[in-house]
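Chemist: what would the 3D arrangement of this be:
(2 chains)
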Amino acid sequence: MTPTLPDIMTGVAVTLSTPLPPEASGDYMVGRAGMLTMLAMLAAQEAERGTAARVWENAAIRALAAKAAPAYDGALGGVLAKAAGEIDTDFTWSGLDAANAALRRLLIALHERVEAARDNDLDREIIGLYGEMAHARRLELAGG
Amino acid sequence: MTLPMSLTERLEAYLTRTHGKPANVKSLSRISGGASRETYKFDAEIGGEAKGYILRRDPPGSLIETDRRLEFLAIQSFAGKGVAAPEALALEEDGAELERPFFIMGRIDGGMPGSPFAADPYGEHGGAIGEQFFSIMGRIAGEPVQGLPILAAADIPAAEDCWKQQLDYWAGVIDEDEQHPQPIVRAAIRRLRRSPPPPAAKIAVVHGDYRSGNFLQDGAGKIIAILDWEMAHLGDPLEDLGWAADPLWSLPGSRTISGTVSLEEGIAIWERASGLSVDPKAFAWWRLFASVKAQAIWTSSAKEWRDGGFKEPILAFSGWYTARRQDQILADRLAHLEAL
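Modeler: Numbering: from 1, shown residues only, chains lettered A, B, ... in the order given. Model (predicted):
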């Protein structure tokens, strides 16, 4: 998993409070300060968009599961139908990520079956969803 | 009570022992030089002769499981062959006086790396830098591997196995280090397995991390050293070309490779320098592979950062910003290939 916002802020605090040996007090320390600045600026973006991105992604995968469930019998069809009926109730970062991990595993399993069945329409839809997922979680560097 | 020896004192002890003359180390300073090894610059006067050096030492934990001997021998392989590389001087795989494995190179002064995340890293010299960047990469690709020092530590793969060896390795890294499911890179891995590339046109030394940011340039349009050979191996030379062309090393929407030349110009320069032709199907495979390999590295970064107690911010940046950007690149590439 890419680090969560709580991970990042913990890391910034740990780095700032860890003394460096004398040989790391020049260029390396300057580079490290620049890196911490960049992390703080990216953290501001994640604070603004991160929760919405997770809620949206979970809902999008569930909507896809609802659409695909009738076409897949057996265990996968059952899991898809069950996932399609769920909603997020824990809106902490860890709660949303736990739900997201289960949904992403389901998405991987579904995509493998779609590829094996040569279901080109659904394949295209899943690849399109990947683009939206990546965009929703984007982080942007200044000037980028 | 005896105080522990400083790194400077340890280096002096090592250099004095190995040279058989008194060594005086000055100005030891850690620099940012890749996330997989601690990198230091220092000056040393040994038996009255002063020179500048670079020390690369294994950290307690390492982002990429790389073989320092391979890195050392890869650098040695191109000494005096028109590929600007530092002089490889000493390798200590058991750590000797410095406790952890390390090697020492000659320092090349007067150069700076260009950041792959800067808007215009080479300014008006972009064209000249691009010409050398692709031409040096082509010379590495065109160099016959027979007799090169790297053969002492690297196996020669069969031409038809290059892709699978690399894909298996990096997919394995994701299997091992992934801490949250990654559907996008998983889809890319399956796509690569379904459509293997043709066998390598030749077996070459692959630098493994040949990109903007991993060379020194003098600020006036000249590349003076190719750095970071830590992922060097033998394989399909298109691997380096695909890696260098990954959009991660250029700003989003850029029409050039890292502010140098266009991809088409770069390929033409590479073909002239290497004497090889770029098969478009094979190149498309290696470009997608480059993003998978990169995502594997960022996946390891995130794990290393957590397991290491959140201490090295470069690992957080790699495991976070670059991983997110790489997902965008992978999703774009999958959509593009799907539309063909």
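Chemist: what's the mean pLDDT across the host helix or strand of A:Arg32?
Modeler: According to DSSP states H and E, A:Arg32 maps onto helix A:27-68. For helix A:27-68, the mean pLDDT works out to 95.
Chemist: do it and chain B meet?
Modeler: Yes. Residues of helix A:27-68 contacting chain B under CB under 8 Å from any CB of the partner chain: A:27-28, A:31-32, A:35-36, A:38-39, A:42. Backbone N, C-alpha and C define where each C-beta goes, glycine included.
Chemist: now restrict those to buried residues only.
Modeler: A:28, A:31-32, A:35-36, A:38-39, A:42 (16 or more other CB atoms under 10 Å in any protein chain shown).
Chemist: closest to B:Leu15 out of those?
Modeler: Nearest to B:Leu15 among these is A:Tyr28, at 21.8 Å by CB to CB.
Chemist: from B:Pro101, how far off is that closest one?
Modeler: 20 Å (CB to CB, to the nearest Å).
Chemist: which strands border the helix or strand where B:Phe103 lies, and is each parallel or antiparallel?
Modeler: Taking DSSP H and E as the definition, B:Phe103 sits inside strand B:102-106. Strand B:102-106 pairs in its sheet with strand B:49-57 (antiparallel), strand B:88-92 (antiparallel), by DSSP bridges.
Chemist: contacting residues around the last one?
Modeler: The contact list for strand B:88-92 (CB atoms under 8 Å, 6 or more residues apart in numbering or on different chains) reads B:14, B:18, B:53, B:68-69, B:72-73, B:75-76, B:79, B:98, B:101-106.
Chemist: got JSON lines for the buried ones among the residues of helix A:27-68 next to chain B, with distance to A:Gly131 too?
Modeler: Listed next are these as JSON lines, based on distance: CB to CB, whole Å:
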{"residue": "A:Tyr28", "distance to A:Gly131": "38"}
{"residue": "A:Gly31", "distance to A:Gly131": "33"}
{"residue": "A:Arg32", "distance to A:Gly131": "34"}
{"residue": "A:Met35", "distance to A:Gly131": "29"}
{"residue": "A:Leu36", "distance to A:Gly131": "31"}
{"residue": "A:Met38", "distance to A:Gly131": "25"}
{"residue": "A:Leu39", "distance to A:Gly131": "26"}
{"residue": "A:Leu42", "distance to A:Gly131": "21"}
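Chemist: and the two most separated of those?
Modeler: Using CB to CB, the two most remote members of these are A:Tyr28 and A:Leu42, lying 21.0 Å apart.
Chemist: what secondary structure does the closest residue to chain A within the stretch 101-250 of chain B sit in?
Modeler: As assessed by CB to the nearest CB, chain A sits closest to B:His180 within the stretch 101-250 of chain B, at 2.8 Å. Under the three-state scheme (DSSP: H, G, I helix; E, B strand; the rest coil), B:His180 adopts coil.
Chemist: pLDDT at it, what is it?
Modeler: For B:His180, pLDDT reads 95.
Chemist: which of the contacts of strand B:88-92 count as buried?
Modeler: Neighbour counting over the contacts of strand B:88-92 (16+ other CB under 10 Å) leaves B:14, B:18, B:53, B:68-69, B:72-73, B:75-76, B:98, B:101-105 as the buried ones.
Chemist: quick one: least confident of these?
Modeler: Ranking these by pLDDT, B:Arg68 lands last with 83.
Chemist: does that residue touch B:Arg56 like I think?
Modeler: Yes. In this structure, B:Arg68 is within contact of B:Arg56 by CB atoms under 8 Å, at 7.3 Å.
Chemist: quote the end-to-end distance of stretch B:112-123.
Modeler: 14 Å (CA to CA, to the nearest Å).
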